[in-house]
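A.B. asks: What shape does this take:
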Amino acid sequence: MSDIYDLVKRYPWLPSLKTYYSDMASKDPLNFIKEIFTSDNFKNLKIKTLNIFNDAFNNIEEISDYDFDETNIYIYLILRILLYILNNKILSNRVANIYSKTTYNELNKENEYNLYYIYKDLDLEVLYEDFQTIYKKIVVKGQQEIYKTNFKISYIDYLKLASNLKDDYRKLVNNALRQGYVYIKPENLNRLLQEHVRMKLLAQKIVDSTNLNKFKEKLFEVQEFKDLYDSISEIWESKKEEFEYSLDITYKEGKDISKSFPPCIKEVITKAQEGQNLIHTERLFILWVLNALKYPEEKIVNVFSTLPDFDREKTAYQVKYAIKKGYTPYSCKSLKSYTLCMANKYKDKLCLEGYFSKKLQEQRQITHPMFYINLKQNKSTTKKNPEKKLNEKDG
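C.D. replies: So this is what the prediction gives:
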């Protein structure tokens with residue numbers, strides 16, 4: 001019990017929080033805020049919470065003063081309440097990102113005994129073997145690399161944890177699977193937990209804005225909490241231009257073509273607008289798309305400015321390099337292989353059913369997102385100018 005009790009202080013997102021700290025975890029949010037913001041510790045909590053938001057705004061990779069006592073539990077619960085009432089996707093993604101990254105770094109410092117307890121507390125079917133199992137061998141530059149681990153996780157739990165991570169190497173088919181278990185190094189399993197923690201902070205959705213406003217009014221009766229909320233809002237007002245000015249997706253000469261984007265492009269753009277942390281293939285895809293559409297370098301860089309790990313100098317260099325190389329956007333076939341195709345999610349008729357080619361007198365499938373844009377643009381032009389015939393091309 002004492003081991004888990006102490007671990008919960010470091011990782012308050014663990015289910016055992018409700019068991020060992022039920023007085024905090026189960027308390028009504030209004031009463032919780034009233035109690036802690038009228039306590040002797042409220043100044044310390046206020047400063048630490050504000051520091052996390054400042055770190056998130058300034059692209060700091062890790063929380064600068066992460067505690068290992070009950071303060072950490074208070075901070076976690078305060079963050080959840082704040083993110084809920086702030087109701088701002090960019091803010092939420094940035095805070096969730098820095099908090100989950102800090103969690104990942106701390107998990108990697110844990111001994112295997114503690115990690116095993118953490119996995120068990122999450123009700124994950126993880127087994128620890130006394131002797132390491134070699135699960136992969138690869139040759140890099142003539143040198144053989146051997147991968148071995150003491151841990152394995154049931155493939156069902158692995159899929160649940162990896163469902164939000166679209167990187168190709170995380171696919172089940174690209175991992176060592178034996179008798180229903182995926183052999184995995186602790187740091188890779190901890191990366192999956194990082195995403196789990198990130199999603200816990202983002203899981204709260206606003207259903208009724210009226211109730212949200214009433215809830216905020218009640219919370220703001222606690223002046224110290226309102227002061228904290230106002231301080232965060234002030235920081236956001238001074239910073240938001242850095243994140244929001246990049247969200248206007250327009251074509252050269254001021255012509256807006258965003259309505260012609262296929263679902264795959266809309267999905268990545270939306271994620272960027274919300275400040276979500278795009279995976280590598282998503283970043284490359286949108287970069288190559290915007291370059292193909294002749295967007296200026298600076299405008300492409302600005303699209304990435306909302307991302308949690310944005311670094312203008314590095315991004316500018318990467319954009320310039322990609323433009324110089326002349327890379328072309330992924331085809332529909334490649335997008336499907338990278339699980340970036342969003343035709344089914346958006347129920348896009350053109351993607352799902354294709355188009356009728358007058359030239360070939362047959363129904364054809366869309367094979368490239370750029371052709372989708374061209375086709376949409378041509379149809380739009382035809383509607384405005386009925387006398388102009390639709391000149392369809394085959395992708």
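A.B. asks: excluding its backbone neighbours, what's nearest residue 144?
C.D. replies: residue 137 (6.1 Å; Cβ to Cβ, 6 or more residues apart in numbering). From N, CA and C alone the C-beta is placed, and that goes for glycine too.
A.B. asks: neighbours around residue 178, how many?
C.D. replies: Per other Cβ atoms under 10 Å, the neighbour tally for residue 178 reads 11.
A.B. asks: who are the neighbours in contact with it?
C.D. replies: 135, 152 (Cβ atoms under 8 Å, 6 or more residues apart in numbering).
A.B. asks: Run through the bridge partners of it.
C.D. replies: Taking DSSP bridges as the rule, residue 178 bridges to residue 181.
A.B. asks: so what's the residue nearest to residue 144 up against?
C.D. replies: 144-147.
A.B. asks: Partner strands of the helix or strand harbouring it and their direction?
C.D. replies: Here residue 137, judged by DSSP states H and E, is contained in strand 126-140. The pairing partners recorded for strand 126-140 under DSSP bridges are strand 143-154 (antiparallel).
A.B. asks: And the partner strand, what's buried?
C.D. replies: Using 16 or more other Cβ atoms under 10 Å as the test for burial, strand 143-154 gives 147, 149-153.
A.B. asks: Would you map the strands across the chain?
C.D. replies: Taking DSSP state E as the criterion, the chain carries its strands at 126-140, 143-154, 177-178, 181-183, 355-357, 362-364.
A.B. asks: can you put those in TSV and add distance to residue 85 and mean pLDDT?
C.D. replies: Listed next are those as TSV, based on distance: least, Cβ to Cβ, whole Å; pLDDT from 0 to 100:
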stretch	distance to residue 85	mean pLDDT
strand 126-140	36	87
strand 143-154	36	90
strand 177-178	43	91
strand 181-183	39	95
strand 355-357	46	85
strand 362-364	50	87
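A.B. asks: Could you export those to CSV, including columns for distance to residue 82?
C.D. replies: Converted to CSV, the strands of the chain look like this (distance: least, Cβ to Cβ, whole Å):
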stretch, distance to residue 82
strand 126-140, 32
strand 143-154, 33
strand 177-178, 41
strand 181-183, 36
strand 355-357, 48
strand 362-364, 51
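A.B. asks: Could you list the low-pLDDT ranges of this protein?
C.D. replies: Scanning the chain with the threshold set as pLDDT under 70 gives 1-2, 206-207, 241-255, 380-395.
A.B. asks: quick check: domain ranges of it?
C.D. replies: For the chain, automatic domain parsing gives the domain ranges 2-107+206-239, 123-193, 248-384.
A.B. asks: Can you check the distance spanned by the second one, start to finish?
C.D. replies: Across its full length, domain 123-193 reaches 12 Å between end residues, using Cα to Cα, to the nearest Å.
A.B. asks: Distance from that domain to the middle of the chain?
C.D. replies: 21 Å (Cα atoms, centre = their mean, to the nearest Å).
A.B. asks: Mind putting the contacts of residue 137 into CSV with distance to residue 231?
C.D. replies: Converted to CSV, the contacts of residue 137 look like this (distance: Cβ to Cβ, whole Å):
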residue, distance to residue 231
144, 55
145, 49
146, 52
147, 47
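A.B. asks: In terms of distance to residue 101, which of these ranks first?
C.D. replies: Nearest to residue 101 among the contacts of residue 137, counting by Cβ to Cβ, is residue 147 at 23.9 Å.
A.B. asks: Quick check: closest non-adjacent residue to that closest one.
C.D. replies: Closest residue to residue 147 apart from its sequence neighbours, by Cβ to Cβ, 6+ apart: residue 136 at 4.0 Å.
A.B. asks: In contact with that neighbour, which residues?
C.D. replies: So residue 136 contacts 146-147, 176 (Cβ under 8 Å, 6+ apart).
A.B. asks: ok, now with 10 Å
C.D. replies: By Cβ atoms under 10 Å, 6 or more residues apart in numbering, residue 136 lies in contact with 145-149, 175-176, 183.
A.B. asks: Serialize those residues to CSV and add fields for distance to residue 322.
C.D. replies: As requested, the contacts of residue 136 are arranged in CSV below (distance: Cβ to Cβ, whole Å):
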residue, distance to residue 322
145, 29
146, 34
147, 31
148, 37
149, 36
175, 29
176, 33
183, 35
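A.B. asks: quick one: which of these is nearest residue 330?
C.D. replies: residue 175 (23.3 Å).
A.B. asks: Touching, the closest one and residue 192? I think so.
C.D. replies: No. Using Cβ atoms under 10 Å, residue 175 is not in contact with residue 192; the gap is 11.4 Å.
A.B. asks: who has more neighbours, these two?
C.D. replies: Shown here are residue 175 and residue 192; by other Cβ under 10 Å, residue 192 has more neighbours (21 against 18).
A.B. asks: pretty sure the more buried one contacts residue 167?
C.D. replies: No. The pair residue 192 / residue 167 is not scored as a contact, 11.2 Å apart, by Cβ under 10 Å.
A.B. asks: returning to that earlier point: can I get the domains of the chain in a markdown table including distance to residue 200?
C.D. replies: Shown next, in a markdown table, are the domains of the chain (distance: least, Cβ to Cβ, whole Å):
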| stretch | distance to residue 200 |
| --- | --- |
| domain 2-107+206-239 | 5 |
| domain 123-193 | 10 |
| domain 248-384 | 15 |
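A.B. asks: Next one: residue 139 from residue 175, what distance?
C.D. replies: Going from residue 139 to residue 175 by Cβ to Cβ, to the nearest Å gives 19 Å.
A.B. asks: wait, I meant residue 222
C.D. replies: Counting by Cβ to Cβ, the gap from residue 222 to residue 175 is 48 Å.
A.B. asks: for residue 335, same thing?
C.D. replies: Residue 335 sits 22 Å away from residue 175, going by Cβ to Cβ.
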